[in-house]
Structure formats: structure tokens, C-alpha cells
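Enquirer: here are the coordinates; sequence isn't available:
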């Protein structure tokens, strides 16, 4: 049957069915492509962290009277150490975001990486110069 011979009511019904199917497929795609955000729990502890990246090369993006924007390739690795549930945790991580708070403090988000920490935290402890001490 040619398209010109299809009843307008039938066309509307087919469009309705196609829209419903499209919505189902979009929902399925959204569920499979967007990973669930990991469960978060409050943490109130001191964190020691040290970067082990040495001198970095960056590409300038833009410049203003108030600051500069640049980007680096790859991860900027850090070693982290903190207490959680009475146990010392050590992780290798890279920074994924940073936000300057109105009161002048800064808030950071790190993503854990696979692999053991570099050992720089241990070195600082041995030298008696830990980057951050509990007060």
C-alpha cells in the first residue's frame, strides 16, 4: 500500500507507537550508558596528599587581567592518605575537579586510580615533614 493510501488515523497511531518505542529505547540507552554515581558517605578526617608529577608542561588557553586558563595532557597523579573506620587508607588518585569557595577555602574532587601509591607519603613521614598533620 502506498503512503498516500494510508488512513490519517492509522498514521497517527503508527507515530504514537514509534514515539513510545523511541522513549523505551532512549530510557534503556540512558541506563546502560550513564554509570551510577558511586555511593557516598560523609568523611571527617585529615587527609595528607602529595603530588608526584614534577615539572608539568601545559598549553595556554586564555589570559585575562585576573588570571590564566591552561590545560595539561593526561592525569596529574597524587598519593592520598587518611583514616577511615579506624584504618589508614592510602590511594593513588588524580584530581578531577576543584572549586574555590566564597570563604577562600578550596574544595577538590579526586578519582582513585589502580596501582599502589608512589611511596612519597612514606618518605615525608620518615623525614619528619608530613604535608599535613592533625591538629
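Expert: Great, that's in hand. Since this is a predicted model, take the numbers as computed values, not measurements.

Enquirer: any idea how far the longest helix seen in the chain is from the chain center?
Expert: Criterion DSSP state H: the longest helix present in the chain is helix 8-33. In terms of CA atoms, centre = their mean, to the nearest Å, the centre of helix 8-33 is found 33 Å from the chain centre.

Enquirer: mind listing what's buried in whichever helix or strand comes after it?
Expert: Using DSSP states H and E, the helix or strand that follows helix 8-33 in sequence is strand 47-51. By neighbour count on 16 or more other CB atoms under 10 Å, the buried set for strand 47-51 is 48-50. The way it works is simple: take the backbone N, C-alpha and C, and place the C-beta from them, glycine included.

Enquirer: okay, those in CSV with distance to residue 97 next?
Expert: What follows is the buried residues of strand 47-51, written out as CSV (distance: CB to CB, whole Å):
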residue, distance to residue 97
48, 20
49, 15
50, 19
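
Enquirer: let's verify the residue positioned nearest the centre of the chain: helix, strand, or coil?
Expert: Residue closest to the mean C-alpha point of the chain, counted by CA atoms, centre = their mean, is residue 96 at 4.6 Å. Of the three states, residue 96 takes strand under DSSP: H, G, I helix; E, B strand; the rest coil.
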